[in-house]
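Asker: sequence? don't have it. structure:
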């Protein structure tokens, strides 16, 4: 087993840098593409109902991401630790870390499911949802709360497989999850026989069903030879490993809380635009879904950077880890810049795919054209953050993103939109300014090189 893991690791710690990047990037790009089509389909199907449902899907999406933050954070800490263990050839430690991450995530998921089912009305109210979409949002949140356990296990297990370079396993899982989710949106919302017509809530149920099936597939992968001892060895909690996972994960959790809470505040600001609020909320929901396809290469490269930097640091190849980080970042900037130009030119055509409402179409087009200006900086931020997190520098990325969101984006969005009365346009401009600063700060952090000396044990 040790030999097999070491051989797989050598493919990423030796040889041509570009080959290593491609080896990890293309499956991760496809995974991100699947995720994009799921999110796109959710909004597309919601658009057949009315703008209120579209706005609710986007707004509740921010709440849902906030609830699964701990899973995403633990996956980052898990990836950093497992990838280093794989890079050093220590297979038994990789398995033990994986097991402890799964145990911890299950406990947290159970702890969050109950409040989600009991306090869903309070959560929606505190988040500041407009009255027009509040009942719709409450119904979405109840279903999503039921799917928390499967979602947490799916996220952590995918991270474990990525860290060990077994990217084709999560690729297959997420393909199946995406197909089920996309088909489920149509058959459950519109009632295609033999399924009942559920209306807008069918979007939530298709998500819950798909992640549950994805969880079962990944649990099946753990029964294969390489990971079988996860099941055969006793499931006891290791305080030492759990503490290390928490130490790496809490900054990532705080980062995501800051980002998602900030996004909710941003939605809240848009919700204060009076009669223009629903149009603005539907527009940012549509814009983010379209913009998400531009993010695909960046987030795929983010995941590749995490694994490659982590495994090379585990193998003691610090210079190689740094070269990989810069090369991956350069690839991201080039790809996202090209896609941003295309989106800027055909923004209205892309927006028309998601909405037929003239006011929403005009505002979505404006959102896209303004936000395309910051895409190169977004690429720098996302890709280099992946490298830093793979090295265990979760605190550095945390501070960069908190500053960009809470010191720059939100104050400017409030000032431009509500004080200067620029409306939604003021929010879009604030987003561009903050993302530009975020990209510059993340580049500076990676360049300083403190991440090369960090330990994950």
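Answerer: Alright, I've got the coordinates. These numbers come from a predicted model, not from an experiment.
Asker: what's in contact with stretch 251-269?
Answerer: Under the contact criterion C-beta atoms under 8 Å, 6 or more residues apart in numbering, stretch 251-269 has outside partners 58-59, 62-63, 65-66, 69-70, 72-74, 76-77, 127-128, 281, 284, 389, 394-395, 397-398, 401-402, 405-406, 409-410, 413-414, 417-418, 427, 431. Bear in mind the C-beta positions are built from the backbone N, C-alpha and C, glycine included.
Asker: model confidence score at residue 127, please.
Answerer: At residue 127, the model reports a pLDDT of 69.
Asker: returning to what we had before: now the buried members of the contacts of stretch 251-269.
Answerer: 58-59, 62-63, 66, 69-70, 72-74, 76-77, 127, 281, 284, 389, 394-395, 397-398, 401-402, 405-406, 409-410, 413-414, 417, 427, 431 (16 or more other C-beta atoms under 10 Å).
Asker: can you flag which of the residues you listed belong to helices?
Answerer: Among the buried ones among the contacts of stretch 251-269, the ones falling in helices (DSSP state H) are 58-59, 62-63, 66, 69-70, 72-74, 76-77, 281, 284, 389, 394-395, 397-398, 401-402, 410, 413-414, 427, 431.
Asker: I'd like to know how far the closest residue to residue 59 other than its chain neighbours sits from residue 359.
Answerer: The spatially closest residue to residue 59, leaving aside those adjacent along the chain, is residue 267, at 5.4 Å (C-beta to C-beta, 6 or more residues apart in numbering). Per C-beta to C-beta, to the nearest Å, residue 267 is found 18 Å from residue 359.
Asker: the closest residue to residue 424 other than its chain neighbours: neighbour count?
Answerer: Leaving aside its sequence neighbours, residue 424 sits nearest to residue 280 (C-beta to C-beta, 6+ apart; 4.1 Å). For residue 280, the count of nearby residues is 28 (other C-beta atoms under 10 Å).
Asker: mind telling me what element the residue nearest to residue 59 is part of?
Answerer: In this structure, residue 267 is located in helix 239-270 according to DSSP states H and E.
Asker: then residue 382?
Answerer: Using DSSP H and E, residue 382 maps to helix 375-390.
Asker: mean confidence score for that helix?
Answerer: pLDDT averaged over helix 375-390 gives 93.
Asker: what's it packed up against?
Answerer: Counting contacts by 3 or more C-beta pairs under 8 Å, 6 or more residues apart in numbering; DSSP states H and E, helix 375-390 packs against helix 69-88, helix 277-314, helix 318-345, helix 394-402, helix 424-448.
Asker: how far does it sit from the chain's center?
Answerer: Remark: helix 375-390 is offset 13 Å from the chain centroid, using C-alpha atoms, centre = their mean, to the nearest Å.
Asker: ok, now stretch 299-317?
Answerer: 18 Å.
Asker: if we can go back for a sec, for residue 21, see how far away the residue nearest to residue 424 is.
Answerer: 39 Å.
Asker: residue contacts, the nearest residue to residue 93 once chain neighbours are set aside?
Answerer: Using C-beta to C-beta, 6+ apart and skipping the chain neighbours, the partner closest in space to residue 93 is residue 85 (4.4 Å). For residue 85, the contacting residues are 91, 93, 94, 97, 314, by C-beta under 8 Å, 6+ apart.
Asker: pLDDT score for the third one?
Answerer: Looking at residue 94, its pLDDT is 86.
Asker: counting neighbours, what do you get for it?
Answerer: Neighbour tally, residue 94, other C-beta under 10 Å: 26.
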